[in-house]
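everything below, folded, please.
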Amino acid sequence: MPRIIGNPHGWPDYTWPMVWVLQDAELWPIEQWVAHQGQEKLWFVEVAVGGGASQVVNVYTVPAGKKLYVTRCWCSQEQLTHFVFGYDSPMTYWFRGTVGQYVPLLLPFAPPATLTAGHILAIGFLNLGVPAMTARATICAFELDV
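Okay, the predicted model is just below:
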């Protein structure tokens with residue numbers, strides 16, 4: 001690249017022109033910003049599931065004018081368990097799989113899984129063991145105006 005007025009060093013185009021902007025506030029990652037704004041959503045689900053039985057929990061219905069961004073889900077259980085995580089009925093899955101006894105499951109979504117108004121966030125547990133168990137899930141999301 002030739003040296004010209006406005007580019008005295010002859011640097012490639014992708015480095016010039018460079019504009020520096022001062023900002024008055026700190027930059028926050030989206031998850032920290034929505035928590036600061038009070039738009040973060042956290043749910044804790046705990047259900048007793050009999051041996052060989054299943055349980056589906058409708059966690060949240062997205063209200064009109066909103067969009068839900070699901071960022072992660074943690075699950076734990078006391079028996080061999082088939083988990084399903086998704087939305088609506090019949091359920092559309094973001095995750096469907098079997099997890100061993102006392103094996104925790106972390107489902108990070110990057111970019112976040114999204115739900116629009118009227119959809120129902122849901123999680124399901126199928127106890128593949130004989131004795132009854134307790135299954136737990138923590139779901140992290142944020143909700144913004146459309």
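
do a quick rundown of the strands in this structure.
40-49, 54-61, 66-76, 81-87, 92-99, 105-116, 120-127, 133-145 (DSSP state E).

the fourth one: partners in the sheet, and parallel or antiparallel?
Put plainly, it is strand 81-87. Using DSSP bridges, strand 81-87 pairs in its sheet with strand 92-99 (antiparallel), strand 120-127 (antiparallel).

any low-confidence regions in the protein?
1-23 (pLDDT under 70).

so which residue is dead centre in it?
T71 (1.8 Å; C-alpha atoms, centre = their mean).

wait, Q77 touches A135, no?
Yes - shown here, Q77 and A135 form a contact pair, counting by C-beta atoms under 8 Å, at 4.5 Å. To be clear about C-beta, it is placed using only N, CA and C from the backbone, and glycine gets the same treatment.

mutual contacts of these two, please.
F125, N127 (C-beta atoms under 8 Å, 6 or more residues apart in numbering).
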